[in-house]
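Colleague: Provide a 3D model corresponding to the input given below.
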Amino acid sequence: MTESTTQHRYTAAMADSIEHRWQERWSQDGAFEAPNPTGPLSDGTPAVDLPEKSFIMDMFPYPSGSGLHVGHPLGYIATDVVARHHRMLGRNVLYTMGYDAFGLPAEQYAVQTGTHPRTTTEANIANMRRQLHRLGLSHDPRRSFATTDPEFVRWTQWIFLRLFDSWYDPQAPNADGVTGRARPVSELREELRAGTVDPYALADRQNVTLPAVWAERTAADVPAASDAELEELAASFRLAYISETPVNWSPGLGTVLANEEVTHDGRSEVGNFPVFRRTLRQWNMRITAYADRLLEDLERVDWPESVRAMQRNWIGRSEGAQVTFEVVGLSPAPVETPTFDVFTTRVDTLFGATFCVLAPEHALLADVEALPAAWPEGTDAAWTGGAATPREAVAAYRERAAAADEADRTAEDREKTGVFTGLWATNPMDGRTLPVFTADYVLTGYGTGAIMAVPAEDERDFAFAERFALPVIRTVRPPEDFEGGAWTGDGEKINSASAELDLDGLDKAEAKARAVEYAEARGFGRARTTYRLRDWLFSRQRYWGEPFPIVYDPADPETPIALPESMLPVDLPEVADFSPRTFDPLDSETEPQTPLSRAEDWVEVELDLGDGVRTYRRETNVMPQWAGSSWYPLRYVDPTNDERLVDPEDEAYWMGPRTPGDVGGVDLYVGGVEHAVLHLLYSRFWHKVLFDRGDVTSREPFHRLFNQGYIQAFAYTDERGVHVPAADVVAGDDGTFTYEGRPVTQEYGKMGKSLKNSVSPDEMYEEYGADTLRVYEMSMGPLDLSRPWETRAVVGSQRFLQRLWRLVVDETTGESVVTDEPASAETLRAVHRTIEGVRRDMDALGFNTAIAKLIELVNHLTKVGASPRAAIEPLVLMTSPFAPHVAEELWSHLGHEESLARAPYPVADPALAAEESVTCVVQVKGKVRYRIEVSPDISDADLEATVLAEPAVQALIGEQTLRKVIVRAPKLVNLVV
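Modeller: From the prediction side, this is the model:
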């Protein structure tokens, strides 16, 4: 056919016209707006009369300057398919998109170019919003925002103040029926004054460092304390607090980095500068107080088990005992015997401890001049690190350890290093004297920063003992075939007896219980539960982040003062230089100087905080990028509220629990598994604090989580190992590849800017249309698996839509070819089986198999050469979540004036959807010997009777004895003869 005779063919040009037209109509009609029960977004319908709700979310995207590639929309298309499907099921669907717009990339670009980060960020958002809109995503635009919007920043700062004003009471019942909840700090002050809270016990339980003035006091002294002392004591327990914290300090960048911003070789992800462990004054969030609830409530959400396992491991609850060791060797000898504590899950193995190890950052080693001035007599030369004295050895080792990354320090295959400190510890179980080493495989941020080493039962301790020729004492009997090394399994206790305690012959559980009881009775240990989870480091020495709503009185610069809610938001000042002060990349002793600290007109501010107008200094750190993404679902719910964080009625409708025991939250949250731990933990923590304080009714922010896979693509490297643009690589007939005439090597990886293998969705829109891209990405494979991108394969999805188009539209005239003639029985059965199968696949997010069923139905209709309305209309409706633009156009060709966005989804007729018959396989002696057509609903008993009545089956049995009949109706009968 010529072009003139196919002018109404579905081509990329026609798709472009259709898609733009329907996107404009959707916008004009507010087609995807979801009404709230109350407030400006309400349509007047009370919550009890609103339809069933469905809250669907994608993980917050960062508005990158390079825009989207075709890998990004995979999850976005999937959530849009769900949203469109749920609307057609009659649900009220909250579906929108915001932008996680603070962060280091925009700031780094500002440093390099002088362009304000807001200018760059807003331009990036505009481009990303255009690309997403062109994809046909059915977002409610009224609910969209960026974390940089002043209205959003205000409530982020408000939540910070909520945390600052809260402490965690482990004994208080909460609305969820369990003990432990956040309470206002004012209530803690009242209870301290009344003597009803023991701050020492509370501090021990929450690993809180009390003010120095309370070091020599007891709980009995608390009620009589001055108001100022009581205020300082209560402030120690705030959920948002300042402390001297071990951090990742990058002098070359001039900022502190989160662990995830540091590479495995101890360098900054941005800039590749060395990173050092330093102790600096920083803001923290006391997430550890919520460790148990974060752990236990994992059982109450519908998440992939792999993600729950990662969170359990990150929280890392361990039950054991804390044991105190006395130390000798410090010079001059202190008046009181110094000690250090270790945490162990196996206090019963103390009899096997042969040395102790302190982290290089441990407080006992902070003053190296207090260490022995000479090596103790008989010190093994291997223990000294080649240094003349313990002081020199420890000082040099501490400096090396400061430059090492935590992951590198704790790597299992890394050779163990360390030096003897010259100190000795007394084993409290049996009185033996043990040498004390310092080694970087012990971290100060985990446990107590000190370990008792039992090399016979710990592989790292065994490797260290081998390296330094230290003794090994077994306290657990290994199996007879054990070949040596550390035995970490269970076994009978051995070598574990003293004059006062005999554990020999006991199993692990009984030995642990008796050892803890003995340690507590003798006063050198006590039962304790510890966690791998550490408090959340919440300070960044940057410009492009949320300012803290905190000021300081110059007369008391150490005490933070919260600003009143009426002074929010605290906006960033305009500055000429966006960069923190940078230093020699190798100078680990430098101190951060933030960009905000140079904005003196902003830093020094006159305020009336209740005592008249006075001069204060603002906090000059900013919050991390995690802040905004830790609460943004609540803003989607009520995005225009200026009076409160979220209206209670709106929150209860969209996120509140629906049944007893339900935790509530977003109905479906889709994103990459790379955010499986930190983002989700931080969000859960903030949400639980808000729940405790009565701000929300939902216990968890995200009820159901789904991790989509990635789109991968070929990438190419030249002879230097440098990636070259994949789009410019030429494939040779002999299977080789070249770039600008030079040979390159093909590899496979996640699509992205770094591998230079990105394909822009704009290219796909132009060449095929958005609907074709949508169908292709949803048909590539199961949503939770990664899949390869192949641009040439996209045409297959276009051909499917073209065949669908021809079933409705005459390519020559543009007229509808659909008839009102009855569909054949065969076609009706095909349609209703497709409806039943597609609905089942949609519920399971099995979009690739749903599309396969739609293609099969299109092929059936094309083959029979008929387009009966009874078949075409449900086909178009089922296709619409995947290809909404062309479906809308075909729906209008079918004579419908209204959009199909909320048209009822097809429902299968059970009688027509049921298979007429299925093939049952009959096996004799495990081999297929006969087949018979039976009803799909046949029972086991009826199937057995039917098969045995078949003459052919009787002939197969013949004179043999039928011993057993195994029936799996309707598809299998196995005869055992």
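
Colleague: so the residue nearest to Val570 when sequence neighbours are not counted bridges to which residues?
Modeller: The spatially closest residue to Val570, leaving aside those adjacent along the chain, is Pro547, at 4.5 Å (CB to CB, 6 or more residues apart in numbering). Bear in mind the C-beta positions are built from the backbone N, C-alpha and C, glycine included. Beta-bridge pairing for Pro547 (DSSP bridges): Val622.

Colleague: Do I have it right that Pro547 meets Leu563?
Modeller: No: counting by CB atoms under 8 Å, Leu563 is not a contact partner of Pro547; they are 10.1 Å apart.

Colleague: Find residues that contact each of these two.
Modeller: Val570 (CB atoms under 8 Å, 6 or more residues apart in numbering).

Colleague: before we move on, the earlier item: what's around the residue nearest to Val570, how many residues?
Modeller: As a burial measure, Pro547 scores 21 neighbours (other CB atoms under 10 Å).

Colleague: Contact partners for it?
Modeller: Contacts for Pro547 (CB under 8 Å, 6+ apart) come out as Gln157, Val570, Asp571, Leu572, Leu596, Arg618, Glu619, Val622, Met623.

Colleague: Which of the residues you listed fall within strands?
Modeller: Mapping those onto strands (DSSP state E) picks out Arg618.

Colleague: Just the buried ones out of the contacts of Pro547, please.
Modeller: Those of these that meet the buried threshold are Gln157, Val570, Leu572, Leu596, Arg618, Glu619, Val622, Met623, by 16 or more other CB atoms under 10 Å.

Colleague: Which helix or strand in the chain has the lowest average pLDDT?
Modeller: Using mean pLDDT, DSSP states H and E, helix 406-409 stands out as the lowest-scoring helix or strand of the chain, at a mean of 72.

Colleague: Give me the contact list for stretch 734-744.
Modeller: The contact list for stretch 734-744, computed with CB under 8 Å, 6+ apart, reads 716-719, 724-725, 728-732, 745-746.

Colleague: Wait, Leu773 touches Tyr765, no?
Modeller: Yes: under the criterion of CB under 8 Å, Leu773 makes contact with Tyr765 at 7.0 Å.

Colleague: The two - which one has more neighbours?
Modeller: Remark: of Leu773 and Tyr765, Leu773 carries more neighbours, 26 against 20, as counted by other CB under 10 Å.

Colleague: Now the terminal residues of stretch 626-645, how far apart.
Modeller: 18 Å (CA to CA, to the nearest Å).

Colleague: buried residues in it?
Modeller: Buried residues in stretch 626-645, counted by 16+ other CB under 10 Å: 626-639, 641, 645.

Colleague: cool, stretch 790-800 as well?
Modeller: For stretch 790-800, burial by neighbour count (16+ other CB under 10 Å) applies to Val794, Ser797, Gln798, Phe800.

Colleague: And for stretch 798-813?
Modeller: Gln798, Phe800, Leu801, Gln802, Leu804, Trp805, Arg806, Leu807, Val808, Val809, Glu811.

Colleague: doesn't the third one fall inside a strand?
Modeller: No: if the criterion is DSSP: H, G, I helix; E, B strand; the rest coil, then Leu801 is helix and not within a strand.

Colleague: per-residue pLDDT, Val977?
Modeller: For Val977, the model assigns a pLDDT of 88.

Colleague: what's the answer for Asp176, then?
Modeller: 78.

Colleague: For the stretch 101-250 of the chain, which segments are assigned as strands?
Modeller: Per DSSP state E, counting those that start in this stretch, the stretch 101-250 of the chain carries strands over the ranges 166-173, 179-184, 240-250.

Colleague: Return the most buried member of those strands.
Modeller: Highest mean neighbour count among these (mean count of other CB atoms under 10 Å): strand 240-250, with a mean of 21.

Colleague: Does anything pack onto that strand? Which helices or strands?
Modeller: The contact analysis (3 or more CB pairs under 8 Å, 6 or more residues apart in numbering; DSSP states H and E) places strand 240-250 against helix 150-164, strand 255-257, strand 276-285.

Colleague: among those, which is the most enclosed?
Modeller: A comparison of these by mean neighbour count, using mean count of other CB under 10 Å, puts strand 255-257 on top with a mean of 25.

Colleague: who touches it?
Modeller: Counting by CB under 8 Å, 6+ apart, 247-250, 268-269, 275, 280, 282, 537, 539-542, 580, 592 sit against strand 255-257.

Colleague: and which of the residues you listed is nearest to Ala110?
Modeller: Using CB to CB, Arg542 is the member of the contacts of strand 255-257 that lies nearest Ala110, at 10.4 Å.

Colleague: which ones are touching the closest one?
Modeller: Leu104, Glu107, Thr255, Pro580, Thr594, Pro595, Val622.

Colleague: what's the neighbour count on the second one?
Modeller: Glu107 sits with 25 neighbouring residues when counted by other CB under 10 Å.

Colleague: can you offset everything so residue one is 686?
Modeller: Got it, the first residue is 686 from now on, which makes the last one we talked about Glu792.

Colleague: Skipping adjacent residues, who's closest to it in space?
Modeller: Among residues not flanking Glu792 along the chain, Trp1229 sits closest, at 4.0 Å (CB to CB, 6+ apart).

Colleague: rewinding a little: in a markdown table, list the buried ones among the contacts of Pro1232 along with pLDDT and distance to Ala867.
Modeller: Putting the buried ones among the contacts of Pro1232 into a markdown table (pLDDT from 0 to 100; distance: CB to CB, whole Å) gives the following:
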| residue | pLDDT | distance to Ala867 |
| --- | --- | --- |
| Gln842 | 98 | 18 |
| Val1255 | 98 | 23 |
| Leu1257 | 96 | 29 |
| Leu1281 | 94 | 29 |
| Arg1303 | 98 | 26 |
| Glu1304 | 97 | 22 |
| Val1307 | 95 | 24 |
| Met1308 | 96 | 19 |
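
Colleague: which stretches of the stretch 786-935 of the chain form helices?
Modeller: In the stretch 786-935 of the chain, helices defined by DSSP state H, counting those that start in this stretch lie at 789-798, 802-819, 835-849, 870-879, 884-891, 912-920, listed in chain order.

Colleague: Kindly state which of the ones you listed is positioned closest to Gly1070.
Modeller: Closest of the helices of the stretch 786-935 of the chain to Gly1070 is helix 884-891, at 35.7 Å (criterion: CB to CB).

Colleague: What are the buried residues along the closest one?
Modeller: So for helix 884-891, counting by 16+ other CB under 10 Å, buried means Pro884, Leu887, Ala888, Gln891.

Colleague: and the residue lying closest to the last one once chain neighbours are set aside, what does it touch?
Modeller: The spatial neighbour of Gln891 that comes closest, neighbours along the chain excluded (CB to CB, 6+ apart), is Ala974 at 5.4 Å. Ala974 makes contact with Tyr853, Pro855, Gln891, Leu924, according to CB under 8 Å, 6+ apart.

Colleague: Doesn't Ala974 lie inside a helix?
Modeller: Yes: assigned with three-state DSSP, Ala974 falls within a helix.

Colleague: Quick check: pLDDT value at it.
Modeller: pLDDT, Ala974: 96.

Colleague: quick one: it from Val1374, how far?
Modeller: 9 Å (CB to CB, to the nearest Å).

Colleague: what is in contact with these two at once?
Modeller: With CB under 8 Å, 6+ apart as the test, Ala974 and Val1374 both reach Leu924.

Colleague: just the strands in the stretch 1286-1435 of the chain please.
Modeller: In the stretch 1286-1435 of the chain, the segments counted as strands under DSSP E, counting those that start in this stretch are 1289-1293, 1298-1303, 1353-1356, 1390-1392, 1396-1402, 1408-1409, 1415-1416, 1422-1424, 1427-1435.

Colleague: and the third one, what other elements does it pack with?
Modeller: Under the contact criterion of 3+ CB pairs under 8 Å, 6+ apart, strand 1353-1356 touches strand 738-743, helix 758-773, strand 1390-1392.

Colleague: Can you tell me what sits against the last one?
Modeller: Spelled out, it's strand 1390-1392. Under CB under 8 Å, 6+ apart, the answer for strand 1390-1392 is 986-989, 992, 1353-1358, 1361, 1365, 1468-1469, 1530.
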